[in-house]
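Enquirer: sequence unavailable; structure follows:
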């Protein structure tokens, strides 16, 4: 059944954060200000690679209204950050490695004064040769960007006899796939407000996807206990992975502590482009072969990824790509070699899909090319090679068992869009001209499909805590307290909906508390399509203890047996008649001790050693219909269908929005988006040249079909869907372009010149 | 060089206009943008700052009923005008029908583009209560959303058109 407002019935709910958002009343953290507030600004390197000869801040400090100018010499703790590998300087000491590298920061009475102060900071640079390509970075004699050299990370995987596999192949295809430096383009640029409190603590109001990670990193930089720092991290005006790593926080924190006054920073769009993360550009070389019947025998993959100057999560993204270039298919033999190189390009990092987007574009492209060689329908070729429910995961690891692969494969074949394709193929086989209205010869229509198997959670070897707390507050509200962040995905709405549907509470009974490190437990990060799954599992664990405590305390107060009571909407009710016996406010007032329950556990992982291997997967199939205009070379997306097998739909509106929104980002990745660099300098500086899809590109038909059925006895419930929608569209469009115009696309975004044709009008 | 006397005179100039039905005045310079008056001087932070080059529509407000990007509108151009921001769109007790439609259809996620988006839709429907898909596309292409893929936004617009200006379900 398709997912929409009508088919969702009462489950389609107005989000709790909706009224504040549609009225503009809900303040974002970058909307905040404080009395006596200063404005901060960061001086960044004008060169992609340079030695710093000297820095002088005297003139800047002499300007009236400038309250602090800081450099590396003013960092009390570790002058580095990075979630997994802290090698990113807060302030560069003797060398800058990219155009966004910070050299100094200033706080002043106004933005204009802070900007003026930056101009007065005198930095002498000695320009160094620029390494602007990962393969050049790995070549002998390349300038080395770090002590460890230019190799950020390598990860290889092998199974089976590859040479024998290729020798036995009847068909082999080889291709080099290239993907762009996609920008997250959250509408709210990075920023925040930093307040030194009278009690000596520091409060940080700044968006992030994991408040406790920011607190740990800031404590390390500031050399003060984590407990002296409070991180308020939600609501967030979009993130998509891009605000998981620190951005303005070190500068705001240092300036606030140096001046003893509140400091605000808020990036301009250009500064966001310059300093912010992007999706790793990857070059993926694949050689893949089948026997005469289409059985995949051998698969060789080489991935080269551009980390930019520092690590952040580049290694983890590469590990994810290694897993996902194998995908949902079974190969006789496979070999993946991969490397991520340091360059003087922009920073690459975490981005929705986490290396899966690049990997799946290449993997699915191989299947489509092989199907052509085999003279076989591409969807049939996938069926031949799909994994079975009992098969191990892509890296040979045990994974949670579902039939998702088969479910989404079948659903796509039965979809309206795919049946339309089938019927058109049947007609065009009989007639020379396609049916319907005459279309100009330069308008060509094609269909394509792709398959996605996407891992969720951080994977083996990476701490991945989960958990949360329920408590009856003094005012009678039931508080759900979780360390997750709301960046638009609808996390608050999902939590509320689960508490209503699974616990029987009413929305008015509830208060959702998130995004404040002083009050929430560490529930782990709001990344890797994990938060909804972990909230679901937490609530399952908390249900018996929390409801049991509510009932027991109500029984004591009412002097009735606990078995005759049930905590539901509004309060504790008679289990038979449903009569309200005790409101939650009365219960809170009369309780002898606080009624609360807490759980903490870890995201489930596979029992293997291989770092990053996943245990839980979501599955999706994507079909598209596109129009290629061979006069302009432009591609229009007319229709799309997504089948998603990820367990129960927790929140219909959120689910639909995640698939639609993820797909919208994927369209940009496919047809227009690339933060273009030339010799380490961004040519793309703002949204006039960085083109994300508008309503005009995304007005086509869109269908989402969730497949909720899980195997009997499944304990894990809903799988993540936050990233899934952003993965499969690119290869589906590439195949549809081939279907329409006979051109193979291997480099994204699609170059219109590739699709332009000379038209003859005779 | 800047002409000192001119600069001093300019620094002291005053914007007098009406914002959300109230008379306001603000100290401005010739280079002050409407966006900064709204956000910084008046504290109306529902109007968002994002690209600052008039591409994304996050800072959209109504000036005498017409939608403009307040990042590209100079404050001095608004002298004597009636400005409506997202905070001024709703009635005393009831949301504007476009706001109500966005709420019901889920035409937002992170919500950062939403004020500008709603202002833009409200302006479109005030001029043309039954726009065609081509007119919607034309009118709304200046408002970028990164979260929704526009599906929820299109459904919200459809709902607002169906409502014909009514905030409740009788519309």
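Expert: Structure received. Since the model is a prediction, treat every value here as computed from it, not as a measurement. Numbering: from 1, shown residues only, chains lettered A, B, ... in the order given.
Enquirer: helix or strand: which one has residue A:54?
Expert: Applying DSSP states H and E as the criterion places residue A:54 in strand A:50-56.
Enquirer: okay, domains of chain B per the record?
Expert: Domain segmentation of chain B under automatic domain parsing yields B:9-88, B:97-163.
Enquirer: deepest of those, which one?
Expert: domain B:97-163 (a mean of 23; mean count of other Cβ atoms under 10 Å in any protein chain shown). Yep, even glycine has a C-beta here, placed from its N, CA and C like the rest.
Enquirer: which parts of the stretch 51-200 of chain A sit against chain B?
Expert: A:184, A:185, A:186, A:187, A:188, A:189 (Cβ under 8 Å from any Cβ of the partner chain).
Enquirer: could you list the residues in contact with the helix or strand where residue A:384 lies?
Expert: Per DSSP H and E, residue A:384 falls inside helix A:378-385. Under the contact criterion Cβ atoms under 8 Å, 6 or more residues apart in numbering or on different chains, helix A:378-385 has outside partners A:290, A:293-296, A:329-330, A:367-368, A:370-372, A:374, A:409, A:412-413, A:418, A:448-449, A:451, A:735.
Enquirer: okay, and which of those residues map to strands?
Expert: Within those, residues falling in strands by DSSP state E are A:290, A:296, A:448, A:449, A:451.
Enquirer: so the residue lying closest to the fourth one once chain neighbours are set aside bridges to which residues?
Expert: Distances taken as Cβ to Cβ, 6 or more residues apart in numbering or on different chains place residue A:623 nearest to residue A:449, at 4.5 Å, with adjacent residues excluded. Note on residue A:623: beta-bridge partners residue A:449, residue A:641, judged by DSSP bridges.
Enquirer: who are the packing partners of the helix or strand just after the strand holding residue A:54?
Expert: Next along the chain after strand A:50-56, taking DSSP H and E as the criterion, comes helix A:58-62. Applying 3 or more Cβ pairs under 8 Å, 6 or more residues apart in numbering or on different chains; DSSP states H and E, one finds that helix A:58-62 contacts strand A:66-70, helix A:111-120.
Enquirer: chain B: strands as residue ranges?
Expert: Using DSSP E, strands in chain B cover B:13-19, B:22-28, B:60-63, B:66-69, B:82-84.
Enquirer: the shortest one: how far from the chain's middle?
Expert: This points to strand B:82-84. Here strand B:82-84 shows a centroid-to-chain-centroid distance of 9 Å under the convention Cα atoms, centre = their mean, to the nearest Å.
Enquirer: do the first one as well
Expert: With Cα atoms, centre = their mean as the basis, strand B:13-19 stands 17 Å off its chain's centre.
Enquirer: quick one on the thing from earlier: what's the mean pLDDT across the helix holding residue A:384?
Expert: Averaging pLDDT along helix A:378-385 yields 97.
Enquirer: looking at chain B, which residue is nearest chain A?
Expert: residue B:46 (2.1 Å; Cβ to the nearest Cβ).
Enquirer: what's the closest non-adjacent residue to that residue?
Expert: residue A:24 (2.1 Å).
Enquirer: for residue A:173, same thing?
Expert: Per Cβ to Cβ, 6+ apart, closest to residue A:173 is residue A:369, 4.2 Å.
Enquirer: and what of residue A:741?
Expert: Closest to residue A:741 by Cβ to Cβ, 6+ apart is residue A:628, at 4.6 Å.
Enquirer: wasn't the one you found part of a strand?
Expert: Yes - counting by DSSP: H, G, I helix; E, B strand; the rest coil, residue A:628 is found in a strand.
Enquirer: so how far is residue A:754 from it?
Expert: 10 Å (Cβ to Cβ, to the nearest Å).
Enquirer: neighbour-wise, which of those two wins?
Expert: residue A:628 (28 against 14; other Cβ atoms under 10 Å in any protein chain shown).
Enquirer: between the residues of the stretch 51-200 of chain A next to chain B, which is closest to residue A:728?
Expert: Using Cβ to Cβ, residue A:184 comes nearest to residue A:728 of these, at 19.2 Å.
Enquirer: that's a strand at residue A:341, yeah?
Expert: Yes - counting by three-state DSSP, residue A:341 is found in a strand.
Enquirer: picking up where we left off before, now, of the contacts of helix A:378-385, which are buried?
Expert: A:290, A:294-296, A:329-330, A:367-368, A:370-372, A:374, A:409, A:412-413, A:418, A:448-449, A:451, A:735 (16 or more other Cβ atoms under 10 Å in any protein chain shown).
Enquirer: bridging residues for residue A:89?
Expert: residue A:80.
Enquirer: confidence score at it?
Expert: At residue A:89, pLDDT is 98.
Enquirer: tell me the contacts of residue 80?
Expert: No chain in the question, so chain A it is. Contacts of residue A:80 (Cβ under 8 Å, 6+ apart): A:86, A:87, A:88, A:89, A:90, A:221.
Enquirer: that was the other one, I meant chain B.
Expert: By Cβ under 8 Å, 6+ apart, the residues touching residue B:80 are B:16, B:17.
Enquirer: please report how far residue A:718 lies from chain B.
Expert: 18 Å (Cβ to the nearest Cβ, to the nearest Å).
Enquirer: isn't that residue up against residue A:645?
Expert: No - Residue A:718 is beyond contact range of residue A:645, at 11.2 Å (criterion: Cβ atoms under 8 Å).
Enquirer: who's more crowded, the two?
Expert: Neighbour count, other Cβ under 10 Å: between residue A:718 and residue A:645, residue A:645 has more, with 28 against 23.
Enquirer: beta partners of that one?
Expert: Residues in beta-bridge contact with residue A:645 (DSSP bridges): residue A:619, residue A:707.
Enquirer: next: residue A:124.
Expert: Applying DSSP bridges, one finds that residue A:124 bridges with residue A:54.
Enquirer: so it touches residue A:53, yeah?
Expert: Yes - when contacts are counted by Cβ under 8 Å, residue A:124 is listed as touching residue A:53 (4.0 Å).
Enquirer: neighbours of residue A:568, how many?
Expert: Neighbour count of residue A:568, defined by other Cβ under 10 Å: 19.
Enquirer: ugh, wrong one, residue A:557
Expert: By other Cβ under 10 Å, neighbour count at residue A:557 equals 17.
Enquirer: can you give me the pLDDT of it?
Expert: Value listed for residue A:557 in the pLDDT field: 98.
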